[in-house]
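A.B. asks: No sequence on hand, only this structure:
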């Protein structure tokens, strides 16, 4: 499974008490959320790194009541 890192952004709607700037995705799961430095430490030569350049990331929200 390919590891994808989204870094240098604003990660919205997390349970963390501090603002997060990066996250790691493996398959269809978010595997880690933290600072850009913390998340970049997870990278390997096959990791895809996406620089968000300050843009926000929000979870996919679905209304199950429709």
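C.D. replies: Here it is on my side, so go on. None of these values were measured; they are calculated from a predicted model. Residues are numbered from 1 along each chain as shown.

A.B. asks: hey, what's the residue positioned nearest the centre of the chain bridged with?
C.D. replies: The residue lying closest to the centre of the chain (Cα atoms, centre = their mean) is residue 23, at 2.2 Å. Beta bridges link residue 23 to residue 6, residue 33, judged by DSSP bridges.

A.B. asks: Just read off the phi/psi values of residue 28.
C.D. replies: Reported as degrees, to the nearest 10, the phi and psi values for residue 28 are phi -110, psi 20.

A.B. asks: what number of residues lie near it?
C.D. replies: Counted by other Cβ atoms under 10 Å, the residues lying close to residue 28 total 6. Where C-beta positions appear, they are placed from N, C-alpha and C, glycine not excepted.

A.B. asks: Next one, pLDDT for it please.
C.D. replies: If you check residue 28, the pLDDT there is 87.

A.B. asks: if we can go back for a sec, got the contact list for the residue nearest to the centre of the chain?
C.D. replies: Residues in contact with residue 23 (Cβ atoms under 8 Å, 6 or more residues apart in numbering) are 5-6, 11, 30, 32-34, 39, 57.
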